[in-house]
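*Asks:* predicted model and sequence follow; I will ask about them next.
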Amino acid sequence: MCRPVRCRICSKTTWAGCGQHIASVRAQVPADQWCPGHEKPKRWWR
């Protein structure tokens, strides 16, 4: 089951869990409070 969690980068709401219930999590959160997603930071040693 998926659940809302706070994004570590922008502090908006995102999700954690299996990925099958994202729509139900998004339905609980206003659109302007949903995290847009972020690229993973590139490692400087690669």
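*Replies:* In hand now; what should we look at?

*Asks:* how about the contacts made by Arg8?
*Replies:* For Arg8, no residue meets the contact criterion (C-beta atoms under 8 Å, 6 or more residues apart in numbering). Heads up, the C-betas are built off the backbone N, CA and C, glycines and all.

*Asks:* likewise for Pro4?
*Replies:* 13-15, 25, 28-29.

*Asks:* next secondary structure after whichever strand or helix holds it?
*Replies:* Taking DSSP states H and E as the criterion, Pro4 maps to strand 3-6. Next helix or strand after strand 3-6 toward the C-terminus (DSSP H and E): strand 13-16.

*Asks:* now do that next one: which elements does it pack against?
*Replies:* When contacts are defined as 3 or more C-beta pairs under 8 Å, 6 or more residues apart in numbering; DSSP states H and E, strand 13-16 sits against strand 3-6, helix 22-26.
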